[in-house]
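Asker: Provided below are the primary sequence and the corresponding predicted coordinates.
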Amino acid sequence: MLQKVLRIGNSLGVTLPSDFVEKNKIKGGSEISVIHSNGSITYSSHIPESTKYDAVSDEEFLDVVKEVESKYKGALDDLAKLP
């Protein structure tokens with residue numbers, strides 16, 4: 001099946017085939033898994049656990065980064081010296 005690429009604001013997108021939408025009970029606001037590999041894109045209504053996450057604030061993210069830097073400082077310094 002060929003789909004035309006559409007401009008959506010500053011982004012590009014494609015529409016989902018109606019049979020996929022109906023079969024998987026997808027509606028506006030639904031989440032789907034998008035996997036791209038080796039020039040192919042796969043859409044799935046099954047969301048793997050590995051892709052589910054809770055959004056965190058920038059401050060929370062930076063706190064975790066600082067904790068990791070502190071805990072693994074020696075190893076990170078050694079890695080930075082590798083050619």
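Answerer: Received, thanks.
Asker: How far does the one helix or strand residue 78 maps to sit from its chain's centre?
Answerer: Element membership for residue 78, per DSSP states H and E: helix 73-81. How far helix 73-81 lies from its chain's middle: 28 Å, per Cα atoms, centre = their mean, to the nearest Å.
Asker: show me where this protein has helices.
Answerer: 18-23, 58-71, 73-81 (DSSP state H).
Asker: got TSV for those, with mean neighbour count and mean pLDDT too?
Answerer: Heads up, the C-betas are built off the backbone N, CA and C, glycines and all. Output for these, formatted as TSV (neighbours: other Cβ atoms under 10 Å; pLDDT from 0 to 100):
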stretch	mean neighbour count	mean pLDDT
helix 18-23	11	92
helix 58-71	10	91
helix 73-81	9	94
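Asker: what's in contact with the helix holding residue 78?
Answerer: With contacts defined as Cβ atoms under 8 Å, 6 or more residues apart in numbering, helix 73-81 is touched by residue 69.
Asker: Export that helix to CSV, keeping only CA atoms.
Answerer: What follows is helix 73-81 as a C-alpha-only set of coordinates in CSV (Å, rounded to 0.1, in the frame of the first residue of the first chain):
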residue,chain,number,x,y,z
LYS,A,73,32.4,9.1,38.2
GLY,A,74,35.4,6.9,38.0
ALA,A,75,34.0,4.6,35.3
LEU,A,76,32.8,7.6,33.3
ASP,A,77,36.2,9.3,33.6
ASP,A,78,37.9,6.0,32.4
LEU,A,79,35.5,5.8,29.4
ALA,A,80,36.1,9.4,28.5
LYS,A,81,39.9,8.5,28.1
